[in-house]
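# Predicted model follows, preceded by the sequence.
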Amino acid sequence: MIGYILRRLLLVIPTLVGVAVAVFFLIRVMPGDVVVVKLRADGAAVTQDAIDAERKRLGLDKPMVVQFADYMWGLTRLDLGKSLWTGESVGKEIAQRFPVSLQVSIMATIIAVFIAVPLGTLSAVYRDTWVDNLIRVLAVSGLAIPGFWLGMIIILGLLAFFNWLPKIGYVSIFEDPVTNLAALIWPALSVGYRYAAVVTRMMRSALLEVMREDYIRTARAKGVYQKLVVRRHAVRNALLPVVTVIGLEFAFLIGGLVVTEQVFNLNGIGKLFVDAAARGDFTLIQGLVILIATIFVLVNLVVDVLYAFLDPRIRLN
Amino acid sequence: MAQTATVPSAGPTSGVDTIPRRQNLLVQFVKAQPLGFVGFLIILLYFVLAFGAQWISPYDPEAVDFGAMLSGPSREHLFGTDQYGRDVFSRLVYGSRTALGVGILSSLVGCTLGALVGAASGYFGGAIDNIIQAIVDVMLSFPLIVLAMVIVAVLGKQSVFGIDMNLVAAIAIPMIPRMARIARSSTLSIAQLPYIDAARAAGYSHLRIVVRHILPNIIAPYLIMTTAFIAQAILLEASLSFLGLGVTEPTPAWGLMLSGTSADFYKAAPWMIMFPGLAITLAVFAFNLLGDSLRDWLDPKMKG
C-alpha cells in the first residue's frame, strides 16, 4: 500500500510540471495582449511608450526562453511572483484567502455526501416510483439552478423567515465557531446543492448497475432481507464510482465558489480570482490556476488511493 | 439509463412489434421521449421570445424611467422594474436573445472544433494523438468557468454584430477538450472497421476519409453534446455576466440582471432577481432535458 502511494506521488511531479508549462503558454500565447488589456482596464490612454514601460517593468520584454526559465525557477522555490495590482506576493495573497474557501468546500462536501448518498440509494431502490421521480427532479434542478441565484434566494429566505443576515466579515472557526458556522453554512448550502445533485445522480445509476449483478441475485436467493442486500452488498460496491465523482466535484468546487463568494461577500479565492480576472492581473491568475490544477492533481491522487483501499483488486494492477 | 431493454443497434426505428412504417421523425421522438419533447417545447418558447422580442416586450429594454424605479409587479410592469425603472419583463424577453445567441453559437463552435480535433486525434493516432491528448488532459483539469475567466481576462472584449466574440470564444474553448475526448473514442472504434481500410486501400486522402467516412458516423454524439453544451453555455454566460466578465450594461442579459448594483436592491425588490433567475433555470433545464433524451434516443450506450 505504501509503495503504491509513493509511486503515485512520484507520478504527480511530471503532471504538475506539465500544468505549469501549459499555464505559462496559455497566458502568453493567447492572441490578446495582457498589458494592453490591463492598461485599458486602468482607464488610462494607452500609448506605445506606456505599453513598453509596463512590459519592461513586468519583464515581458525579455525573450520567451528567459521568461520561461525565470518562471520555472521561481516555481521550484514556490515563488509565484508578485500581484500586478497590489504588488504583494501572489503566494501571500492566496494564503490569506484560502482558509475561508477551504472551509466552505469541506462543509459543502459534507452536506452533499450526507444528502446525496441516502437520496441516491432511495431513488435506485424505489426506481420509477414517485419517490424516485421526486428525487430525480430535485437532482436535475440542482444542475440547472445558477449558484449565484440560489445564494440570493437563500439570503431572501433568511430575511423573510428570520429577519436576520450573517455578519459581513470573516471570523475564524477557531476564534468563534458559532459566528463562523452561522455565516458559512449558507454559502456551503448554495454550492452544496449542485454538488449533491451530481452525486445523487451518480449514486442512483451506480446502484442500479450493481443491483443487476449476479451476487445480488445470489444474496436474494439465499433469502437475505432486501435492506441487508442493499446496505451490505449493493451500496458498498456502488460507492466506488461515487467516490470518484465526489473527488472530481471537490476539485471543481472553485467553479461554484467563484460566484457564491460574490453573493455572500466572502473574501475567498473565488472572489480573488474574479478580481484578478477583472483587473487582468495575470501573475495572480497564473498563481491561482496553478493552485487549482494542483488541487485537482492531489484530489485525484487521494481518490486513487481511496480506491485501492476500498477495492483490493485495483492494487494488483 | 431508463431504457434497459432497447436493442442497441436498432436506433431510432426500433418500433416494438408494429409493422415497420415510415413515421415522421418528430412523432417518433415525441412517443419515445415525452420529457425531451417538453424540453423541446420550452426551447421553442424561448425562440419565440427571442425572435419576437420587439413585438412581445411592452417597453424598450434599455429605457430608463426614474418615475417607476423598483416598482413591484403590476399591470403596467408585469414583472416589476429594476433600480433604473427599466421593465424587468422586457429585459427578460430581450435577454433570451443574448442567452440563445451566445449559448448556441459558442456550443456550436466549441463542439465543431472539438469533433474535428477528436476525430483527427483518433484517426491519426501515434504522436499526434499523444500530444493532443496531453493538452486535452490539462484542459480537463479545470472547471469550465475557470478556463473561461482566464480567456476573458487575456482577450478583453470585442463585439461583432452585438455579440461579444471573445465571450463566445471564452465559452467555446473550454468545451473543445470535452467534445474532443468523446469524438476521439467514437473515432477509435470506427477507424477499426473494414470500410475505413477499404477507403484507404482505394487511395483516398486522409481529409476525404475523415470528412466523408468518419465525421458522418460521429454525428450522433455531436448532436447530443452540442445540445447538452448549450445548457452549460447559457449557465456559463449568465455566471460570467453576473461576475461582470461577460455581457456589459446596458445590453439585456439574464446574468447581468442579477449583478452589479442589483445586489444592493434585490432584498427590497425580490422580483428583480426572481424572474431572471427562473428564466436561466428553465432554459438550462430544458436544454438538459432535450440533451438527455437525445442521448437515450440516438445512442443508448453513451453515458454522461
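Arrived safely, thanks for sending. Residues are numbered from 1 along each chain as shown, chains lettered A, B, ... in the order given.
# contacts and neighbour counts: CA atoms only from here.
OK.
# before we move on, which element is the nearest residue to A:S190 once chain neighbours are set aside in?
Excluding the flanking residues, the one nearest A:S190 by Cα to Cα, 6 or more residues apart in numbering or on different chains is A:G151, at 5.5 Å. Following DSSP states H and E, one finds A:G151 within helix A:147-162.
# Pull the distance from that helix to the chain's centre.
Here helix A:147-162 is found 23 Å from its chain centre; the criterion is Cα atoms, centre = their mean, to the nearest Å.
# so for that helix, what's the average pLDDT?
Helix A:147-162 carries an average pLDDT of 91.
# Name the next helix or strand downstream of it, please.
Using DSSP H and E, the helix or strand that follows helix A:147-162 in sequence is helix A:177-211.
# Name the residues that touch the helix or strand just after that following helix?
Note on helix A:177-211: by DSSP H and E, the next helix or strand toward the C-terminus is helix A:214-221. For helix A:214-221, the external contacting residues (Cα atoms under 8 Å, 6 or more residues apart in numbering or on different chains) are A:V210, A:Q226, A:V229, A:H233, A:A234.
# ranges for the helices of the stretch 1-150 of chain A?
A:2-29, A:34-42, A:48-58, A:64-76, A:90-125, A:130-144, A:147-162 (DSSP state H, counting those that start in this stretch).
# and the stretch 101-250 of chain A, which residues reach chain B?
Counting by Cα under 8 Å from any Cα of the partner chain, the residues of the stretch 101-250 of chain A close to chain B are A:V140, A:S141, A:L143, A:A144, A:I145, A:P146, A:F148, A:W149, A:L156, A:S205.
# thinking the first one is in contact with B:V284, fair?
Meaning A:V140. No. If you go by Cα atoms under 8 Å, A:V140 and B:V284 don't touch, sitting 9.9 Å apart.
# neighbour-wise, which of these two wins?
Using other Cα atoms under 10 Å in any protein chain shown as the criterion, A:V140 and B:V284 rank with B:V284 on top: 28 against 19.
# who are the neighbours in contact with that one?
A:A144, A:I145, B:I230, B:A231, B:Q232, B:I234, B:L235 are the contacts of B:V284 under Cα under 8 Å, 6+ apart.
# at 7 Å what do you get?
When contacts are counted by Cα atoms under 7 Å, 6 or more residues apart in numbering or on different chains, B:V284 is found next to A:A144, B:A231, B:I234, B:L235.
# and if you look at B:L188?
B:L188 makes contact with B:G122, B:Y123, according to Cα under 7 Å, 6+ apart.
# Now do the SS call for it.
On the three-state scheme (DSSP: H, G, I helix; E, B strand; the rest coil), B:L188 is labelled helix.
# Okay, it and B:I214: tell me how far apart.
As for B:L188, its distance to B:I214 is 10 Å (criterion: Cα to Cα, to the nearest Å).
# Chain neighbours aside, what residue packs nearest to the residue nearest the centre of chain A?
Nearest to the mean C-alpha position of chain A, by Cα atoms, centre = their mean, lies A:L253 at 2.4 Å. Among residues not flanking A:L253 along the chain, A:S105 sits closest, at 6.7 Å (Cα to Cα, 6+ apart).
# That neighbour: how many residues sit nearby?
Other residues near A:S105 come to 23 when the count uses other Cα under 10 Å.
# same check, this time on the one 10 residues further on
Residues contacting A:I115 under the criterion other Cα under 10 Å number 18.
# Check whether it really touches A:Y195, as I assumed.
No. If you go by Cα atoms under 7 Å, A:I115 and A:Y195 don't touch, sitting 9.8 Å apart.
# re earlier: could you list the buried residues of the helix holding A:G151?
Of all the residues in helix A:147-162, those buried under the rule 16 or more other Cα atoms under 10 Å in any protein chain shown are A:G147, A:F148, A:W149, A:L150, A:G151, A:M152, A:I153, A:I154, A:I155, A:L156.
# just the residues you listed now: which is nearest B:D292?
Nearest to B:D292 among the buried residues of helix A:147-162, counting by Cα to Cα, is A:G147 at 21.6 Å.
# Could you check how far that closest one is from A:G192?
Using Cα to Cα, one gets 9 Å for the distance from A:G147 to A:G192.
# what's the answer for A:Q48, then?
Taken as Cα to Cα, the span from A:Q48 to A:G192 is 48 Å.
# Those two: who's more crowded?
Shown here are A:Q48 and A:G192; by other Cα under 10 Å, A:G192 has more neighbours (28 against 10).
# Now for that one: which residues touch it?
A:G192 is in contact with A:A108, A:T109, A:I111, A:A112, counting by Cα under 7 Å, 6+ apart.
# among those residues, who's most crowded?
Ranked by neighbour count (other Cα under 10 Å), those have A:A108 at the top, with 27 neighbours.
# coming back round to it: hey, least reliable of the helices of the stretch 1-150 of chain A by pLDDT?
What stands lowest among those, in mean pLDDT terms, is helix A:34-42, with a mean of 65.
# Tell me the residues of the stretch 51-200 of chain B that contact chain A?
B:V138, B:S141, B:F142, B:P143, B:I145, B:V146, B:M149, B:V150, B:A153, B:V154, B:L155, B:G156 (Cα under 7 Å from any Cα of the partner chain).
# Please dump those into JSON lines; it should also carry pLDDT, secondary structure and neighbour count for every row.
Formatted as JSON lines, those follow (pLDDT from 0 to 100; DSSP: H, G, I helix; E, B strand; the rest coil; neighbours: other Cα atoms under 10 Å in any protein chain shown):
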{"residue": "B:V138", "pLDDT": "82", "secondary structure": "helix", "neighbour count": "18"}
{"residue": "B:S141", "pLDDT": "83", "secondary structure": "coil", "neighbour count": "20"}
{"residue": "B:F142", "pLDDT": "86", "secondary structure": "coil", "neighbour count": "20"}
{"residue": "B:P143", "pLDDT": "88", "secondary structure": "coil", "neighbour count": "21"}
{"residue": "B:I145", "pLDDT": "91", "secondary structure": "helix", "neighbour count": "25"}
{"residue": "B:V146", "pLDDT": "90", "secondary structure": "helix", "neighbour count": "25"}
{"residue": "B:M149", "pLDDT": "89", "secondary structure": "helix", "neighbour count": "25"}
{"residue": "B:V150", "pLDDT": "86", "secondary structure": "helix", "neighbour count": "24"}
{"residue": "B:A153", "pLDDT": "80", "secondary structure": "helix", "neighbour count": "28"}
{"residue": "B:V154", "pLDDT": "77", "secondary structure": "helix", "neighbour count": "30"}
{"residue": "B:L155", "pLDDT": "77", "secondary structure": "helix", "neighbour count": "23"}
{"residue": "B:G156", "pLDDT": "70", "secondary structure": "coil", "neighbour count": "24"}
